[in-house]
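K.L.:
Model the following, please.
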Amino acid sequence: MEPPSQLVDDIYEAGSVPEFWPRALEKLAATVDGAGAALFAVRADGLRSVATPSMLDLLREFDALGRPEINRRTPAAVAMRHPGFITEYDVFTEEELAVDPFYAEFLRPRGYGWCAGSAIFVPGGDTIVISVEKRLNLGPVSRDHVALLDRMRPHLARAAAFSARLALDRVRSATEALGLIGLPAAVLGDRQQLLSANALFEDLIPDVVRAHRARLMLADQGADRLLADAFARSLKRAGGGVQSIPIAAQEARPAMVAHLLPVRGVANDVFSAASGLLMLTPVVAGKGPPRQLLEGLFDLSPAEARVAGGLADGSTVEQLARLQGVSSETVRGHLKAVFAKTGTHRQSELVRLLAGPWHF
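P.N.:
Got it, this is the predicted structure:
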């Protein structure tokens, strides 16, 4: 049985326009009597997926269940590294399926219970898993249908790899655009490894940043600890957006602020190997920075920015309390938050960090 030519065309179209993947997956499922299909990217920060409407509902229900560990099917299939599609019976026995929580407690009560899936290893380190789900009352996926899916697999692999390349190129273009306005920037993968950088960022290697194979590091050890923590929180979607990290001045270089921007998206984000955009802003000495700039650079609240700016301009905690009409304890509370967000521990460190007009 040969793959339908229109389906092959749809798959390659989805490779160029990721928003078309649900339509291509719907047609793929229909050719083998499936109820729907899903495509997953298996990454360090979890699974990302794009799916047909019926599978999206099923995925949401499974996510709401809060028991990801019961899905032993996906990791087992990936570990097999089989260069084709497989079914349940290639992974489990009938007896194992009868008591497996994923099947017995989740899929079968919802009218599902048969599938054919394949793991595709694409350039860049990601693993793409394609799963076609079939209704329980229709019986297992036949060997003829598995053979048809195997004929489709090279097209699916090429289209998925192309989608992944396009997704990375989109983020790379952001670093080049930042370079045009004088900002060093780099794209980081899900293990904090360097994927791409503009020329300005590369000029900072190895004095300011160090591009080790395992992960990108900042030469300043204190700043590097803050970056690692910020990146970990970003992967867990707990970072609250842009996170800013101060980097102390060196003999030949001014102080800098590193900004970690999480890479987010919806359906087409499933293919992106990028997890973060790291941008470095140089600081040139002079008078203290404007309050609004402090808010943006270090994620300070307006009250925290007033305290930080006041100290940078030479005021004491007591003077700031009188000027603002609050207690000294209130100012010290804001100062404690400023220390945490700027990575400093003493007023003298904070004043040195914030000293002078800032030019970007």
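K.L.:
Give me the longest helix you can find in the protein.
P.N.:
In the chain, assigned by DSSP state H, the helix with the most residues is helix 143-180.
K.L.:
so what secondary structure elements neighbour that helix?
P.N.:
Applying 3 or more C-beta pairs under 8 Å, 6 or more residues apart in numbering; DSSP states H and E, we find helix 143-180 packed against helix 5-16, helix 21-31, strand 112-121, strand 127-135, strand 185-189, strand 194-197, helix 199-202, strand 274-282. Bear in mind the C-beta positions are built from the backbone N, C-alpha and C, glycine included.
K.L.:
and the third one, which strands flank it?
P.N.:
Spelled out, that is strand 112-121. Strand partners for strand 112-121, identified by DSSP bridges, are recorded as strand 86-87 (antiparallel), strand 127-135 (antiparallel).
K.L.:
where in the stretch 51-200 of the chain is pLDDT low?
P.N.:
The stretch 51-200 of the chain contains residues with pLDDT under 70 at 122-126, 168, 181.
K.L.:
same thing but at 90, please
P.N.:
63, 68, 74-79, 81, 120-128, 157-185, 187-197 (pLDDT under 90).
K.L.:
quick revisit: could the helices and strands packed on helix 143-180 go into TSV alongside mean neighbour count and distance to residue 81?
P.N.:
Below are these laid out as TSV (neighbours: other C-beta atoms under 10 Å; distance: least, C-beta to C-beta, whole Å):
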stretch	mean neighbour count	distance to residue 81
helix 5-16	16	22
helix 21-31	21	22
strand 112-121	22	7
strand 127-135	22	10
strand 185-189	25	22
strand 194-197	22	24
helix 199-202	17	35
strand 274-282	22	25
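K.L.:
For these, give me JSON lines that also has distance to residue 249.
P.N.:
Shown next, in JSON lines, are these (distance: least, C-beta to C-beta, whole Å):
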{"stretch": "helix 5-16", "distance to residue 249": "46"}
{"stretch": "helix 21-31", "distance to residue 249": "48"}
{"stretch": "strand 112-121", "distance to residue 249": "44"}
{"stretch": "strand 127-135", "distance to residue 249": "42"}
{"stretch": "strand 185-189", "distance to residue 249": "20"}
{"stretch": "strand 194-197", "distance to residue 249": "22"}
{"stretch": "helix 199-202", "distance to residue 249": "18"}
{"stretch": "strand 274-282", "distance to residue 249": "10"}
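K.L.:
Which of these sits closest to residue 65?
P.N.:
When the helices and strands packed on helix 143-180 are compared by C-beta to C-beta, strand 112-121 sits nearest residue 65, at 14.0 Å.
K.L.:
residues making contact with that closest one?
P.N.:
Here strand 112-121 makes contact (C-beta atoms under 8 Å, 6 or more residues apart in numbering) with 32, 34-35, 42, 58, 73-74, 77-78, 80-82, 84-88, 103, 107, 127-136, 138-141, 145-146, 149, 153, 156-157, 160.
K.L.:
In space, what's closest to residue 195 - neighbours in sequence excluded?
P.N.:
residue 187 (4.4 Å; C-beta to C-beta, 6 or more residues apart in numbering).
K.L.:
Identify the residues contacting that neighbour.
P.N.:
By C-beta under 8 Å, 6+ apart, the neighbours of residue 187 are 168, 171-172, 174-175, 194-197, 263, 274, 276-278.
K.L.:
Looking at the residues you listed, which one is closest to residue 183?
P.N.:
Using C-beta to C-beta, residue 175 comes nearest to residue 183 of the contacts of residue 187, at 9.0 Å.
K.L.:
wait, that closest one sits on residue 199?
P.N.:
No: using C-beta atoms under 8 Å as the test, residue 175 is too far from residue 199 to be in contact (9.7 Å).
K.L.:
Could you report the neighbour count for residue 178?
P.N.:
The number of residues packed near residue 178 is 19, by other C-beta atoms under 10 Å.
K.L.:
Roughly how far does it sit from residue 202?
P.N.:
13 Å (C-beta to C-beta, to the nearest Å).
K.L.:
How about the residue nearest to residue 81 when sequence neighbours are not counted: which residues does it bridge to?
P.N.:
Spatial nearest neighbour of residue 81, chain neighbours left out: residue 119 (7.0 Å); criterion: C-beta to C-beta, 6+ apart. Residue 119 forms beta bridges with residue 129, as assigned by DSSP bridges.
K.L.:
which of the contacts of residue 187 lies closest to residue 245?
P.N.:
For the contacts of residue 187, the nearest to residue 245 is residue 278 (9.4 Å; C-beta to C-beta).
K.L.:
The closest one: what's it in contact with?
P.N.:
Residues in contact with residue 278 (C-beta under 8 Å, 6+ apart) are 185, 186, 187, 188, 201, 216, 227, 258, 259, 260, 261.
K.L.:
Turn the residues you listed into CSV, columns for distance to residue 306.
P.N.:
Formatted as CSV, the contacts of residue 278 follow (distance: C-beta to C-beta, whole Å):
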residue, distance to residue 306
185, 30
186, 33
187, 35
188, 33
201, 33
216, 34
227, 27
258, 24
259, 22
260, 25
261, 26
